[in-house]
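Enquirer: coordinates for the following, if possible.
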Amino acid sequence: VIWVAAFLEELVYRGVVFRLLEAAWGLPAALGVQAVLFGLAHLGNGGTGWTTMLSTTLLGALWALIFARTRNLWAATAHHAGWNFAIVLAGPPLSGIEDWRAASPIDAVAVGPDWLTGGAFGPENSPITLVLLLVAVAALWPRTDRAPGTPGSQQEPNDERVEDRRSAHRAGEGP
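Expert: Okay, here's the model as predicted:
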């Protein structure tokens, strides 16, 4: 179920929305718009607080950057599913949804103030998570923005290098 939920969200937000916006407006605008849409979609979940929109928008940006960098929806889906699976295994609410807690092998009890633990929304609402997400997005952004050959990139792909890889693959020398 976690894989299906992650895949469906990735398909909609990164596979469709992000790609359409990126083709029309370029990477920066597509990244921002789809991330905000992803954040807005999670505001209807339980336990939302002042950090919910920021945290879910940053998650949307992170998964869009993973997709933009790899051009592989499965990479973003695997990361998204891994994120969700780790939270479910640990036992807190997942994005404000308590139903996932029944699947957890651990009966977690948050100790500390809601503003620090994420409260009823879960660890995504914690300022610790926000800082880590900001660092991850900031680290991935420059590497993604400069990826040659991607829509909105300022660089052209190295066609010679691509052809060398294709030749190596046909000859059984590469992946």
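Enquirer: could you report the pLDDT at R166?
Expert: If you check R166, the pLDDT there is 53.
Enquirer: contact partners for the residue nearest in space to the middle of the chain?
Expert: Nearest to the geometric centre of the chain sits W63, at 2.2 Å (CA atoms, centre = their mean). By CB atoms under 8 Å, 6 or more residues apart in numbering, the contact list for W63 reads 10, 13-14, 76, 79-80. For glycine as for every other residue, the C-beta is placed from the backbone atoms N, C-alpha and C.
Enquirer: do L65 as well
Expert: Contacts of L65 by CB under 8 Å, 6+ apart are 31, 137, 140-141, 144.
Enquirer: let's go with 6 Å and repeat that
Expert: 140, 144 (CB atoms under 6 Å, 6 or more residues apart in numbering).
Enquirer: low-confidence ranges in this structure?
Expert: Applying pLDDT under 70 to the chain flags residues 91-93, 96-101, 145-175.
Enquirer: one more time with 50, if that's ok
Expert: Within the chain, the stretches with pLDDT under 50 are 146-148, 154-155, 157, 159, 161-162.
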